[in-house]
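Engineer: how would this look folded up:
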Amino acid sequence: QVQLVESGGELVQAGGSLRISCAASGRSFSSHAMGWFRQAPGKEREFVAAISWGGARTSYADSVKGRFTISRDNAKNTVYLQMNSLKPEDTAVYYCAATLSFGRTSTTQYDYWGQGTQVTVSS
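Structural biologist: The predicted structure is shown next:
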């Protein structure tokens, strides 16, 4: 069982940077791959980034590749998403999620979800 709580979302100007966090509780955090998803108003939830349980492997959606970086600190039971060069189209509620296998990009493949944190990018 993994419980997830996101934080750090806020209003930021286009071109700016922001780091959001996801704190996990539960002893099995380090055995789970983690992912970040986002959902904009009126749109489906979409994959953003994923990281393997040990942090050695990462994957990104094309729309954020080169701008966003996912990382994790298993000692702190936390996963991060560093977002640079933010654009208004990055505005969304960002969710972290946990799954047993790395490389998954579908929401149905993730077992645990946080409540989300709002990121708003102004133009």
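Engineer: residue 84 touches residue 68, doesn't it?
Structural biologist: Yes: between residue 84 and residue 68 there is a contact under CB atoms under 8 Å: 7.2 Å. Bear in mind the C-beta positions are built from the backbone N, C-alpha and C, glycine included.
Engineer: which one of the two is surrounded by more residues?
Structural biologist: Shown here are residue 84 and residue 68; by other CB atoms under 10 Å, residue 68 has more neighbours (20 against 14).
Engineer: tell me which residues touch the more buried one, please.
Structural biologist: Taking CB atoms under 8 Å, 6 or more residues apart in numbering, we find residue 68 in contact with 48-49, 60, 81-84.
Engineer: which of those lies closest to residue 117?
Structural biologist: residue 81 (9.8 Å; CB to CB).
Engineer: Provide the secondary structure category for the residue positioned nearest the centre of the chain.
Structural biologist: With distances taken as CA atoms, centre = their mean, the residue of the chain nearest its centroid is residue 36 (2.4 Å). Here residue 36 is recorded as strand under DSSP: H, G, I helix; E, B strand; the rest coil.
Engineer: which residue packs closest to it, ignoring adjacent ones?
Structural biologist: residue 48 (4.3 Å; CB to CB, 6 or more residues apart in numbering).
Engineer: each with direction, which strands does the helix or strand where the one you found lies pair with?
Structural biologist: Using DSSP states H and E, residue 48 falls within strand 46-51. Its sheet considered, strand 46-51 pairs with strand 33-39 (antiparallel), strand 58-60 (antiparallel) by DSSP bridges.
Engineer: can you tell me which of the ones you listed is nearest to residue 18?
Structural biologist: strand 33-39 (12.5 Å).
Engineer: can you give me the strands for the protein?
Structural biologist: Under the criterion DSSP state E, the chain carries strands at the ranges 3-7, 11-13, 18-25, 33-39, 46-51, 58-60, 68-73, 78-83, 92-99, 112-113, 117-122.
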